[in-house]
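Asker: Quick one: sequence plus predicted model below, questions after.
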Amino acid sequence: MKVFFIINSLSSGGAERVTVTLANYFVDKGYEVGLVTMHTEERDFYPLDSRVVRFPLGLGGSNWGYRKLYATYRRWKVLRHVLRNEQPDVVVAMMTTSIILAIVASLKLNIRVFGSERNFPGDKPISLPWALLRRITYRFAHGHIAQTYETANWLRNNTGADNLHVIPNPVAWPIAKFNPEIKPNNILKPGRKVILAVGSKPDQKGFDLLVLAFSGLASDWPEWDLVILGVDPESEAICGGGASVKRVVNEYNISDRVFLPGRAGNVSDWYDRADIFVLSSRYEGFPNVLLEAMASGNASVAVDCNTGPRDIIQDGVNGLLVPLDSLQAGMVRLIADDTLRIKLGEKATYVKKDFSEKRVAELWLEILR
């Protein structure tokens with residue numbers, strides 16, 4: 001079986017991590033694997049197995065007005081050329097625009113196309129033209145692989161998609177290390193207690209809400225700091241930009257207690273350094289960072305957003321699941337109770353078995369075959 005993955009880029013997001021994990025696993029099992037991105041390799045963050053054939057089309061970037069329409073046409077045309085020449089048996093397209101382009105580009109090419117939304121589509125903002133195209137095209141895919149039953153039901157009810165499967169995200173263990181490396185001890189003072197959050201999309205991850213919650217407890221718990229890993233405090237980019245978060249930090253005058261080190265390939269060192277992990281997201285798909293933090297033994301508190309956290313956390317057993325307006329209270333509960341943190345952290349590590357890379361990847365292969 002020849003499998004091609006299609007995704008916008010291989011930057012430092014959860015969908016990108018899962019794509020690379022699956023591509024590396026499949027090629028290691030002897031399958032012929034290709035990976036197509038609209039952006040060049042300059043955006044690549046996660047290490048890809050050298051046996052995976054890479055197709056960086058260099059057709060990403062922002063486009064406006066009629067140029068956006070022309071850029072979309074070019075992406076479709078080049079993608080169809082690649083698929084016609086390479087003739088994969090199966091295409092797996094990640095996220096809305098890639099799914100639509102893959103379905104249309106594969107028409108009459110005898111290629112099975114599987115789409116995989118990586119966030120809950122009912123909450124993720126999308127422009128009207130793409131929303132209409134999603135409603136029209138998704139039913140023509142060979143199948144769709146959702147991360148949760150809520151997403152599968154939404155696709156069935158809103159796009160007419162059929163042949164729906166549900167597979168959670170895997171947690172790759174041990175967590176790989178790669179460049180760039182940022183050592184926690186170079187950022188934090190010895191003896192400080194650490195609340196950690198990780199992500200590259202500040203609005204989706206609710207980092208502004210997290211800073212607000214931390215500002216409400218900071219004075220009562222002066223030995224605790226907040227670290228938000230994965231965003232650049234000087235950048236305004238939608239993905240990877242943390243300037244909006246920095247402004248909120250400055251607004252509440254807690255810049256000496258909140259740290260934004262940037263993107264790090266040694267995220268496992270930060271999980272080891274953390275005392276508490278927080279997921280403050282407005283919406284999710286199936287949060288990789290929460291899986292990784294729990295696998296690392298972090299006591300975690302997560303907002304019960306759509307979707308994913310409630311499929312991972314059993315409230316009070318292996319973590320805390322809270323409504324958004326109770327995020328600060330959940331953080332304080334863990335801060336104030338050392339025994340609870342230890343108990344939740346121990347139970348959290350069971351995700352390594354429940355969501356193992358091998359188990360999840362084999363579920364994918366069973367469907368794609």
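Answerer: Here it is on my side, so go on.
Asker: For residue 251, which residues are in contact?
Answerer: Under the criterion of C-beta atoms under 8 Å, 6 or more residues apart in numbering, residue 251 has no neighbours. From N, CA and C alone the C-beta is placed, and that goes for glycine too.
Asker: per-residue confidence at it?
Answerer: For residue 251, the model assigns a pLDDT of 97.
Asker: what's the distance between it and residue 258?
Answerer: To residue 258, residue 251 is 11 Å away according to C-beta to C-beta, to the nearest Å.
Asker: what do you get for residue 297?
Answerer: 24 Å.
Asker: Show me which positions of stretch 81-90 end up buried.
Answerer: Within stretch 81-90, the residues that count as buried by 16 or more other C-beta atoms under 10 Å are 82, 83, 86, 88, 90.
Asker: Compute the first-to-last residue distance for it.
Answerer: End-to-end distance for stretch 81-90: 16 Å, by C-alpha to C-alpha, to the nearest Å.
Asker: And the worst-scoring helix or strand of the chain on mean pLDDT, what does it pack against?
Answerer: Lowest on mean pLDDT, DSSP states H and E among the helices and strands of the chain sits helix 66-86, with a mean of 93. When contacts are defined as 3 or more C-beta pairs under 8 Å, 6 or more residues apart in numbering; DSSP states H and E, helix 66-86 packs onto strand 2-7, strand 32-37, helix 96-105.
Asker: who touches stretch 143-157?
Answerer: Outside of stretch 143-157, the residues within contact range by C-beta under 8 Å, 6+ apart are 92, 112, 114-118, 120-122, 138, 161-169, 285-286, 306-308, 311, 364, 367.
Asker: residue boundaries of the helices in this protein?
Answerer: For the chain, applying DSSP state H gives helices covering 14-28, 66-86, 96-105, 128-137, 149-159, 207-215, 243-251, 267-273, 288-295, 309-312, 327-336, 338-348, 351-354, 357-368.
Asker: Any chance of a markdown table for the ones you listed, columns distance to residue 233?
Answerer: Listed next are these as a markdown table, based on distance: least, C-beta to C-beta, whole Å:
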| stretch | distance to residue 233 |
| --- | --- |
| helix 14-28 | 21 |
| helix 66-86 | 30 |
| helix 96-105 | 28 |
| helix 128-137 | 30 |
| helix 149-159 | 32 |
| helix 207-215 | 11 |
| helix 243-251 | 4 |
| helix 267-273 | 16 |
| helix 288-295 | 19 |
| helix 309-312 | 26 |
| helix 327-336 | 22 |
| helix 338-348 | 28 |
| helix 351-354 | 30 |
| helix 357-368 | 32 |
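Asker: tell me the most buried of those helices?
Answerer: helix 288-295 (a mean of 26; mean count of other C-beta atoms under 10 Å).
Asker: Please enumerate residues in contact with that one?
Answerer: 14, 17-18, 169-171, 173, 175, 196, 198-199, 267-268, 271, 274, 277, 279, 300, 302, 308-309, 312-313, 318-319, 348-349, 351-352, 355.
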